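1. I'd like to go over a predicted model; first the sequence, then the structure.
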Amino acid sequence: MKTERIKSIVLILLIITNLVLAEKILVNEKLWLSGYNFFVSTRNSRKKNSFSLSERLSMPEKIIVNTGYQSSRFIFKRDDADFSTINSVASEIIKSAFSMPKSIVETGEEDWYSALTAKSIYLNFTSSFTPSVFASLLGISNSDFPDTEFSDIVIAENGNVYFGKIGNYYKIPFTSSLVSPIIQNVSLEHSDEESVINYSFDLNFDENSGEETTVLSPMILIYSEPVTAFSVIPENPAIKDGEINERVLSGVVTAFGVNKGSARSYTEADGSLVYVENNGILKITADGILTYTANGNGIRLKNGSISSKIAALIDEINQKTGIDADLCLSNAQSGDSGQLFEFDYIVEGYPVKYADKSAISATVSNGYLTAYSQVLRKFTITDTESTSSDFITALDEVIDAYHGSMSEMRITKMYPAFFDDLSQNEMNVDWHIDVDNILAE
Amino acid sequence: MKKRFLSLILALLVVFSVQYASFAAYETSIPLNAQGNSSNLIYIKRPRSLSGSTSDKTYTISATGLQNTKVRVYRLTGNDVCELIKAERLIGASGLFSTVVDLPDSSNTFVIYAENGASDQVVKIQISKVKKSTVDKLRSVTVNVLNFLK
């Protein structure tokens, strides 16, 4: 009788141990189906950003609140606490304004700069958009937009919305009482901060009076102090113990409709794993670059707008690879042959740049995904702070490299960013500089 | 021979001491009426008219200049003497220069001293500090006048 009782206790203990271990494996390895996943709402929702990528497509990279007093401006990056509050108000106004394309009127440079120097909210996007592409990201389908491109939006204190580029500015007359309280609150909350932010046009660095060799685009932000941020370590989730991580790979492969059982696969000399299916070729390199190249039509994307379909695909890949970094649309082009979407990872509010590619690039043609590439990266923020060089020193260093071969250099973009050289070494914040129109001597 | 050698040493000392004296004089302060011997080392971009006003506690002065030009910034502190407030900076390959200066008084005079080899240039800048309420009043006046004109 006693032996029987001991046997029962051992059996119960074994069953309990089995259940505990099974739960641990399920949770740690995430071995559940994504369509039947009650863990999704708990564990997987612990993302730094609570929005899905689809909701973040039309989000600016940074917001500047202009208080109307020259250089008293406050900058909000995506990871700042106030960013979401200001962005939701701005987004509401922009959506309403862009829903009335017939009220768009052309306006002058003076109007644009007046809005920027007065009390206003300025939204800076990494990408340039045509108004119709931007409207489609907001869920508005209309073709009555002017033929232009922009990457800046200004919302005046009274609600008027401005967008455009040099020599081609537009205004959407709109009335809103939501902007003024934001500016007031920001001014009060940050009144003790010595924030000195100038636009390039404030300092007249956008004008060439004849002697200058360097001209900056008017909307470049001139930081008076070097930028400080915690160092970041990028990690390649595609590799585990020096080999391609099969678990990560399985999730990615299914996202592209590749059947591991039937697809032909081989390993290249450099360690890249390649799957060849009827609809295309999927490849993961040892340094974590995932590429998909369609064979024929490509992959038919699920229902919804093209941008939201791409966003859903990226969300799926990131979920399966454990990537939780914020993403920012860095390029959105639409043409007769299809659409191209490119994205940057955003870490600590700054974009992560790669030498010759975007973090993510997706090409869609007739509703089919024809090409996709992604640098698979997870990011760990360290406790070590790093400081960039100051704005003008950074500019001097870049221009020094070209010196002797040019008479004028136009800087189109300059902003703080991280640079991932794919070596997975610690990254420090530095300046990203886009140069255009180098006039040779 | 000995006299000639001593004269040479003396001459060298005089030359160096004059140079040192002029450098030393401008190292921590510069007279308000100082004049340079050049006008094309540095070009002030802001304030364009060499005088400006703001309601902020600081003001950003911007300029362009020749590469390798040394620039120092002084502020008038009294008795026509300006004291160094910004350490020397070298204009780099971009040719751009900017500095943020504090505005302790309602009227602030700054001297920008640029030096490149034997050439030097002195530029005086006047920045007035106005109250934010004054800026707001001026803004409303502008709006009212515009409304009236319409």
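-> Yep, it's here.

2. most centrally placed residue in the chain?
-> In the absence of a named chain, this looks at chain A. For chain A, residue A:328 is the residue whose C-alpha lies nearest the centre (CA atoms, centre = their mean; 1.4 Å).

3. could you do chain B instead?
-> residue B:112 (1.3 Å).

4. In this structure that one contacts residue B:42, no?
-> Yes - using CB atoms under 8 Å, residue B:112 is in contact with residue B:42, at 6.6 Å. (Glycine included, C-beta is placed from N, CA and C.)

5. joint contacts of those two?
-> The contact sets of residue B:112 and residue B:42 overlap at B:63, B:71, B:123 (CB atoms under 8 Å, 6 or more residues apart in numbering or on different chains).

6. And the closest residue to the last one other than its chain neighbours, how close does it get to residue B:89?
-> Just to be clear, that refers to residue B:123. Counting by CB to CB, 6 or more residues apart in numbering or on different chains, residue B:123 lies nearest to residue B:112, which is 4.4 Å off, once chain neighbours are set aside. Note on residue B:112: its distance to residue B:89, by CB to CB, to the nearest Å, is 11 Å.

7. swap in residue B:69?
-> From residue B:69 over to residue B:89 (counting by CB to CB), the distance is 9 Å.

8. do the same with residue A:70
-> Distance from residue A:70 to residue B:89, by CB to CB: 22 Å.

9. Now that we're looking at residue A:51, what pLDDT does it have?
-> pLDDT for residue A:51: 63.

10. Repeat that for residue A:347.
-> At residue A:347, pLDDT is 96.

11. list the contacts for it?
-> Applying CB under 8 Å, 6+ apart, the residues contacting residue A:347 are A:232, A:325-326, A:379, A:381, A:418.

12. just the buried members of the residues you listed?
-> A:232, A:325-326, A:379, A:418 (16 or more other CB atoms under 10 Å in any protein chain shown).

13. Get me the contact residues on chain B for chain A.
-> Neighbours of chain A within chain B, by CB under 8 Å from any CB of the partner chain: B:43, B:45-46, B:48, B:54-60, B:62, B:64, B:92-98, B:100, B:132, B:135, B:139.

14. now those: which count as buried?
-> Applying 16+ other CB under 10 Å to the residues of chain B next to chain A flags B:43, B:45-46, B:54-56, B:58-60, B:62, B:64, B:92-98, B:100, B:135 as buried.

15. circling back: any shared contact partners between residue B:112 and residue B:89?
-> Common neighbours of residue B:112 and residue B:89 (CB under 8 Å, 6+ apart) are B:71-72.

16. Could you count how many residues lie near residue A:278?
-> 11 (other CB atoms under 10 Å in any protein chain shown).

17. what about it, distance to residue A:294?
-> Taking CB to CB, one finds residue A:278 at 10 Å from residue A:294.

18. Repeat that for residue A:55.
-> Taking CB to CB, one finds residue A:55 at 27 Å from residue A:294.

19. for residue A:182, same thing?
-> Distance, residue A:182 to residue A:294, using CB to CB: 45 Å.

20. swap in residue B:127?
-> For residue B:127, the distance to residue A:294 - CB to CB - is 61 Å.

21. just residue A:116 next, same as before
-> Residue A:116 is 44 Å from residue A:294, by CB to CB.

22. okay, the two: which has more neighbours?
-> Neighbours per residue, other CB under 10 Å: of residue A:116 and residue A:294, the larger number sits with residue A:116, 21 against 18.

23. Give me the pLDDT value at the nearest residue to residue B:28 once chain neighbours are set aside.
-> The spatially closest residue to residue B:28, leaving aside those adjacent along the chain, is residue B:84, at 5.0 Å (CB to CB, 6+ apart). Listed pLDDT for residue B:84 reads 95.

24. Now name the helix or strand holding the residue of the stretch 251-400 of chain A found nearest chain B.
-> For the stretch 251-400 of chain A, the residue closest to chain B is residue A:396, as judged by CB to the nearest CB, at 2.9 Å. According to DSSP states H and E, residue A:396 maps onto helix A:391-402.

25. Might you enumerate the residues of the stretch 201-350 of chain A proximal to chain B?
-> Counting by CB under 8 Å from any CB, the residues of the stretch 201-350 of chain A that sit close to chain B are A:202-205, A:207, A:209, A:211-214, A:222, A:224.
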